[in-house]
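K.L.:
The sequence isn't on hand, but the structure is:
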């Protein structure tokens, strides 16, 4: 398609275009009533990754979530008393992870609606010992500020870990968090990427004082950031 034709097609389109520019933010969110927050506090060695949300015919919100860890007994016990969810169901089982379906209660706070209302988009969500770690794309800095204000109105604490510009002029700098940088540095220096490996994930976890599941999550996110920047 020629440049002239492409420009003509763009002019004819009635779709609102917010694809140019924008801000990618990694933020940490916390509140006692954030969905599954109680379970995360009682089972800190399990990390969670929401798969998707849906609404059933009665209007209740269902969440499918992947839990990663070495032991799930404590986490499942925590689910039974978590005030933000009810009817937890184990729907899939793997050697290193399990998938659960839970129904959100009226008490549960989420951040999906606040994100959509300001024109944002969820890129990645995972749990941490002190809340939810969320990567979002906003069409502008004003939208990020509006999201922050909406969270604070609900009493949700917002801690921005890093920001980067998301546009055609992006210089490709990888926006790794300080913890991701530390992990990659230690892993590289100790030979984690060598063949055979000079250090295991268990040893990395002991070295950095975190759980193995946290090491696994942090490594995958850091490597994903590197791949995204390099392949783009």
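P.N.:
It's in. In this text the structure is predicted, and so the values were computed from the model without any measurement.

K.L.:
Which helix or strand lies directly C-terminal to the lowest-mean-pLDDT helix or strand in the chain?
P.N.:
Comparing helices and strands within the chain by mean pLDDT, DSSP states H and E singles out helix 3-12 as the least confident, with a mean of 58. Sequence-wise, the next helix or strand downstream of helix 3-12 (DSSP states H and E) is strand 23-30.

K.L.:
Which neighbouring elements make contact with that following strand?
P.N.:
Contacting strand 23-30 under the criterion 3 or more C-beta pairs under 8 Å, 6 or more residues apart in numbering; DSSP states H and E are the following elements: strand 131-138, helix 141-153, strand 157-165. (Glycine included, C-beta is placed from N, CA and C.)

K.L.:
looking at these, which is closest to residue 209?
P.N.:
Each of the helices and strands packed on strand 23-30 has some distance to residue 209 by C-beta to C-beta; the shortest is strand 131-138, at 17.8 Å.

K.L.:
For that closest one, give me every contacting residue.
P.N.:
The contact list for strand 131-138, computed with C-beta atoms under 8 Å, 6 or more residues apart in numbering, reads 22-31, 34, 37, 40, 111, 115, 118-127, 144, 147, 157, 161, 166.

K.L.:
which stretches of this structure form helices?
P.N.:
Across the chain, reading from the start of the chain, the helices by DSSP state H fall at 3-12, 37-42, 73-81, 112-117, 141-153, 178-189, 201-208, 212-231.

K.L.:
Need the residues that contact the last one.
P.N.:
So the one you mean is helix 212-231. The set of residues that contact helix 212-231 without belonging to it, under C-beta under 8 Å, 6+ apart, is 45-47, 49, 68-70, 124, 126, 128-129, 172-176, 179-181, 183-184, 187, 201-202, 204-205, 208, 210.

K.L.:
ok, now which ones touch the residue most central in space within the chain?
P.N.:
The centre of the chain sits closest to residue 125, judged by C-alpha atoms, centre = their mean, with a distance of 1.6 Å. Contact criterion C-beta under 8 Å, 6+ apart gives 49, 50, 132, 133, 134, 135 as the residues in contact with residue 125.

K.L.:
Look up which residues are beta-bridged to the fourth one.
P.N.:
Partner residues in beta bridges with residue 133: residue 28, residue 126, with DSSP bridges as the criterion.
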